[in-house]
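K.L.:
Got a predicted structure plus its sequence, pasted below:
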Amino acid sequence: QPSPEEIRERHLSTPGGYCHRVDNFVVGRKQHGEIRFIGRTDVRELDVCDAVQFDKNQVIVYMDESKKPGVGDGLNKPAEVTLFNIRWNDNLDGQEQQEQQQQQQFEMMLRDESERQGSHFISYDAASGEWKFLVDHFSTF
């Protein structure tokens, strides 16, 4: 978001162009997740399909390290990541646990995982399965 068509239209109708300063650019894949790049993003020579790859429970930005720009350039910048369909595995050590305890433990695990990978936990919604976290720049998340 905006769509490639909207970007093209805005770029042609904006004096000085639009593509070098797209506010809060969003890239996503249905049923996997989305990334909202914070602030203005230059999308002029961006190949989104090459740069961003969503898989089950993960997103990779710049899989090819040789193509990754420096921190703050391209898509290697602060972003809010939302992963969809992140669910608790309810067979924890073969013991039955109350649903609320499971959700709390799962959220704590996601908080720990966020910290481990150098991101900042924002929220987890057990009903929707959405996990949100903030990254300063990209490695594998």
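P.N.:
Sure thing, it's come through.

K.L.:
Dump the C-alpha coordinates for the worst-scoring helix or strand of the chain on mean pLDDT into PDB.
P.N.:
The helix or strand of the chain with the poorest confidence is helix 4-13; it has a mean of 72 (mean pLDDT, DSSP states H and E). Presented in PDB, the C-alpha positions along helix 4-13 are these (Å, rounded to 0.1, in the frame of the first residue of the first chain):
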ATOM      1  CA  PRO A   4       1.700   0.000  -7.800                       C
ATOM      2  CA  GLU A   5      -1.000   1.800  -9.800                       C
ATOM      3  CA  GLU A   6      -1.600   4.400  -7.100                       C
ATOM      4  CA  ILE A   7       2.100   5.000  -6.800                       C
ATOM      5  CA  ARG A   8       2.400   5.500 -10.500                       C
ATOM      6  CA  GLU A   9      -0.600   7.900 -10.600                       C
ATOM      7  CA  ARG A  10       0.700   9.900  -7.600                       C
ATOM      8  CA  HIS A  11       4.200  10.100  -9.100                       C
ATOM      9  CA  LEU A  12       2.900  11.500 -12.400                       C
ATOM     10  CA  SER A  13       0.600  14.000 -10.700                       C
END
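
K.L.:
quick one: Glu107 and Gly129 touch, right?
P.N.:
No - under the criterion of Cβ atoms under 8 Å, Glu107 is not in contact with Gly129, lying 11.9 Å apart. Quick note: C-beta positions are derived from backbone N, CA and C, even for glycine.

K.L.:
quick one: low-confidence ranges for the chain?
P.N.:
Within the chain, the stretches with pLDDT under 70 are 1, 11-12, 15-19, 89-98, 139-141.

K.L.:
Dig out what the residue nearest in space to the middle of it forms beta bridges with.
P.N.:
To find the centre residue of the chain, average its C-alpha atoms and take the closest one (Cα atoms, centre = their mean): that gives Val81, at 2.6 Å. In this structure, Val81 bridges to Ile35, Phe133 when assessed by DSSP bridges.
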